[in-house]
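A.B. asks: what follows is a predicted structure for the sequence shown.
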Amino acid sequence: MIGGLGAGALTFVGTGPRAPVGSVGRMEEPVVARGTRARRALVRALRPLPGPPTRAAVLADTALGVFGALLLLSAPLYSALTGQYDAGQALLRGGLGVALAAAAAVLARRHPPAAVVVASLASLWFLPGGLLLLCVAYLAGRRSPDARPVLVLAAVVLLFGTVSLLAGPAPPAESAMAALTLLLNAGPAWLVGAYRRQHAALTAAGWEHARQLRREHRLVAEHARSRERSRIAQDMHDSLGHELSLIALRAGALEVDPGLGGPHREAAADLRATAVTATEHLREVIGVLRTDAGPDPVTPAGEGVADLVERARDSGMRIALVHDVDTAALPPMVGRAVHRVVQESLTNATRYAPGTEVAVSIAGDGERLEVRAVNPVPEGAEGVPHGVGGGRGLIGLRERVRLAGGAFAAGPTGDGAWEVCAVLPLAGGSAPPGEAADEDEDTAIDRLQRAARRRIRGWSVALVAVPVAALAGLAALLLLAASTGIRSTTLEPEEFERLRPGTPQSEVEEVLPPLSVPFDARELAEGAVPEGAVCSYYRSSADLFDAEATFYQLCFSDGRLSGKGEAPIR
């Protein structure tokens, strides 16, 4: 196939002016590409949107169909009432309008471009169809993920509508105005719908980003807690290993004691072997439980709070330590928790508030122990910025204090300082079953999103309802004023027939309406007003939409009715 195409191309080019062989390919490829893009655009335009409609969507589409049917039925119904159409024509046009409204409502959910086509035809054939086109165009912009198919189909409909109108009996100016009206009905509504779709997509992406950040924060917190548990395991290994080593040492001393008999020395030997075995097992278990392979600890083994403060002072920190509790006599979990709180507080003060004095206090009341570290916040800083270290140290402290049965808090104070506080039971305690902060983050974000939607829903409804109500009220007032003005200028045909020329003007004015229609002389035919006469004009019908209403002319001269008839309007 490729060879045959190339030979045919060479033969064709050889019959005319010479051209490079490569130019044939460059001439053919754009045509093929344009055809492919056009087919793809047509396929996208005809492809239905995914997802079955929900019950609420079905109810909304039904409401749209009923609204459109009532709109399109109003035109033939009014024409039938005014006598422009007979019953058969009105029924036929009404059925066509209902069919178009139903088709637009059905297609608006899965095929928005096709719904725009149907609504455009309805707006061309029915005067109130512009409102249906406005609604369907908004829904197309709101629901269509790709704007190009909608624009292509709208352009096609506009083109065919313009051609059909130009080919009809209407003047070109009216046809152009009808096409422009079609474009103005569909264009802005579609743009508003597309804006609402993009705004909703950005809002959903923002909430999803918030959920992702919360999930990442939860993972960071879990990692920090796991690392703190690993440190606790190492602390327990050091403490218990030291105690087991002492047991093994004392059992070895008893084993070589000459004052003991053979059975007692054998029991001491068994005790020493058991302690050694327990130490090895403890080392293996702690090694499995540790989740990180961090660097070797730089803190001296068995270091107390006083030693920690002295080391920090030697490095140049200013620290005020006040304590009335012997931290060396605390249970291992409580003692190591106190040491970690003071250590992390000093580390944060060095990192985020260098040069400031840190006040550390440790106080107990016989049942509880309170550890508090306070340092001033430098000017322009905000304590411990979580964006730098991620707050992992504080998360680890909270986990360690929680596992020791205590409570932990950290944050700025009212006087411009940063405070870390931990309350621990002196006798130690079991960890609570969970933390309130560990609630499902996705649930919390969903709750915040629902609250935001409730707050904005009322404003959104008001944003639409208030202008619509104002326009409806203004239209009602205008119709009422126009109807009142028409009634005040209407002379019933029966009264007009009873009037006779020569009747005194005072008697005629008794049956005339209070106002007359103010016609300009340029609107009347030449010679419409007889010389020496004054004429008044009145409507024959009080119906605002009566297209067959005529205007009466009553002329007075010398105080009497000199003539009557229909007004000669140009």
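C.D. replies: Okay, I see it.

A.B. asks: make it CA atoms for all contacts and neighbour counts henceforth
C.D. replies: OK.

A.B. asks: in a helix, Leu515, correct?
C.D. replies: No: under DSSP: H, G, I helix; E, B strand; the rest coil, Leu515 falls outside any helix and is assigned coil.

A.B. asks: got a list of what it touches?
C.D. replies: Taking C-alpha atoms under 8 Å, 6 or more residues apart in numbering as the criterion, Leu515 is in contact with Ser488, Thr489.

A.B. asks: quick check: it vs Gly485, distance?
C.D. replies: 8 Å (C-alpha to C-alpha, to the nearest Å).

A.B. asks: and if you look at Ser245?
C.D. replies: Distance, Ser245 to Gly485, using C-alpha to C-alpha: 111 Å.

A.B. asks: what are the structural domain limits within the protein?
C.D. replies: Following automatic domain parsing, one gets these domains for the chain: 2-39, 55-215, 220-289, 305-438, 493-566.

A.B. asks: just give me the residue closest to the centre of the protein.
C.D. replies: Thr203 (2.8 Å; C-alpha atoms, centre = their mean).

A.B. asks: what's the following helix or strand after the helix or strand that contains that residue?
C.D. replies: Thr203 is part of helix 172-255, with elements assigned from DSSP states H and E. Next along the chain after helix 172-255, taking DSSP H and E as the criterion, comes helix 262-289.

A.B. asks: hey, what's the angle from that following helix to helix 172-255? Just curious.
C.D. replies: 170 degrees (axes from the mean of the first three to the mean of the last three C-alpha atoms, to 10 degrees).

A.B. asks: which strands or helices does the next helix or strand along the chain from helix 262-289 pack on?
C.D. replies: Following helix 262-289 in sequence order, the next helix or strand is helix 305-314 (DSSP H and E). With contacts defined as 3 or more C-alpha pairs under 8 Å, 6 or more residues apart in numbering; DSSP states H and E, helix 305-314 has these neighbours: strand 318-323, helix 332-352.

A.B. asks: out of these, which comes closest to Glu495?
C.D. replies: Proximity to Glu495, assessed across the helices and strands packed on helix 305-314 by C-alpha to C-alpha, is greatest for helix 332-352 (98.1 Å).

A.B. asks: ok, the residue nearest to the centre of the chain to Arg197 distance?
C.D. replies: 10 Å.

A.B. asks: in JSON lines: the domains of the chain, plus mean pLDDT and distance to Leu477.
C.D. replies: Listed next are these as JSON lines, based on pLDDT from 0 to 100; distance: least, C-alpha to C-alpha, whole Å:
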{"stretch": "domain 2-39", "mean pLDDT": "44", "distance to Leu477": "51"}
{"stretch": "domain 55-215", "mean pLDDT": "77", "distance to Leu477": "21"}
{"stretch": "domain 220-289", "mean pLDDT": "72", "distance to Leu477": "64"}
{"stretch": "domain 305-438", "mean pLDDT": "79", "distance to Leu477": "59"}
{"stretch": "domain 493-566", "mean pLDDT": "85", "distance to Leu477": "14"}
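
A.B. asks: export the ones you listed to a markdown table and append columns for distance to Gln449.
C.D. replies: Shown next, in a markdown table, are the domains of the chain (distance: least, C-alpha to C-alpha, whole Å):
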| stretch | distance to Gln449 |
| --- | --- |
| domain 2-39 | 40 |
| domain 55-215 | 7 |
| domain 220-289 | 24 |
| domain 305-438 | 19 |
| domain 493-566 | 50 |
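
A.B. asks: out of the ones you listed, which gets nearest to Ala476?
C.D. replies: Using C-alpha to C-alpha, the domains of the chain put domain 493-566 closest to Ala476, at 13.1 Å.

A.B. asks: okay, how far is it across the closest one, tip to tip?
C.D. replies: Start to finish, the residues bounding domain 493-566 are 11 Å apart (C-alpha to C-alpha).

A.B. asks: give me the phi and psi for Gly316.
C.D. replies: As for Gly316, its main-chain torsions (degrees, to the nearest 10) stand at phi 110, psi 0.

A.B. asks: buried sites along stretch 325-341?
C.D. replies: Thr327, Leu330, Pro332, Met333, Val334, Gly335, Arg336, Ala337, Val338, His339, Arg340, Val341 (16 or more other C-alpha atoms under 10 Å).

A.B. asks: now Arg500. Nearest residue, chain neighbours left out?
C.D. replies: In this structure, Arg500 finds its nearest non-sequential neighbour in Leu561, 7.4 Å apart by C-alpha to C-alpha, 6 or more residues apart in numbering.

A.B. asks: I'd guess Gly502 is in a strand, am I close?
C.D. replies: No: under the criterion used here (three-state DSSP), Gly502 is coil, not part of a strand.

A.B. asks: quick check: it touching Asp558?
C.D. replies: No: assessed by C-alpha atoms under 8 Å, Gly502 is found out of contact with Asp558, at 9.8 Å.

A.B. asks: the more surrounded of those two?
C.D. replies: Gly502 (15 against 12; other C-alpha atoms under 10 Å).

A.B. asks: what's the separation between the more buried one and Glu495?
C.D. replies: Going from Gly502 to Glu495 by C-alpha to C-alpha gives 16 Å.

A.B. asks: adding distance to Ala99, write the helices and strands packed on helix 305-314 out as TSV.
C.D. replies: As requested, those are exported to TSV (distance: least, C-alpha to C-alpha, whole Å):
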stretch	distance to Ala99
strand 318-323	86
helix 332-352	73
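
A.B. asks: which of these sits closest to Ala373?
C.D. replies: Per C-alpha to C-alpha, nearest to Ala373 of the helices and strands packed on helix 305-314: helix 332-352, 6.4 Å.

A.B. asks: related to what we said a few turns ago, and Ser230, which of the helices and strands packed on helix 305-314 is closest to it?
C.D. replies: Ser230 lies closest to helix 332-352 among the helices and strands packed on helix 305-314, at 13.1 Å (C-alpha to C-alpha).

A.B. asks: ok, now which ones touch Val106?
C.D. replies: Asp61, Gly65, Ala115.

A.B. asks: looking at the domains of the chain, which is closest to Val466?
C.D. replies: domain 55-215 (17.8 Å).

A.B. asks: so how far is Asp558 from Gly527?
C.D. replies: Distance from Gly527 to Asp558, by C-alpha to C-alpha: 19 Å.

A.B. asks: with Thr489 instead?
C.D. replies: 24 Å.

A.B. asks: can you check Phe545 too?
C.D. replies: Phe545 is 37 Å from Asp558, by C-alpha to C-alpha.

A.B. asks: one more: Asp270?
C.D. replies: 148 Å.

A.B. asks: could you check how many residues crowd around the nearest residue to Pro514 once chain neighbours are set aside?
C.D. replies: Closest residue to Pro514 apart from its sequence neighbours, by C-alpha to C-alpha, 6+ apart: Ser488 at 5.9 Å. Look at Ser488: counted by other C-alpha under 10 Å, it has 18 neighbours.

A.B. asks: ok, Ser488 touching Leu512?
C.D. replies: No: Ser488 lies out of contact with Leu512 (C-alpha under 8 Å); the separation is 9.5 Å.

A.B. asks: so who does Arg272 touch?
C.D. replies: Arg272 neighbours (C-alpha under 8 Å, 6+ apart): Ile247, Ala248, Leu249, Arg250, Ala251, Gly252.

A.B. asks: so which bits of stretch 343-353 are buried?
C.D. replies: Per 16+ other C-alpha under 10 Å, stretch 343-353 contains these buried residues: Gln343, Glu344, Ser345, Leu346, Asn348, Ala349, Thr350, Tyr352, Ala353.
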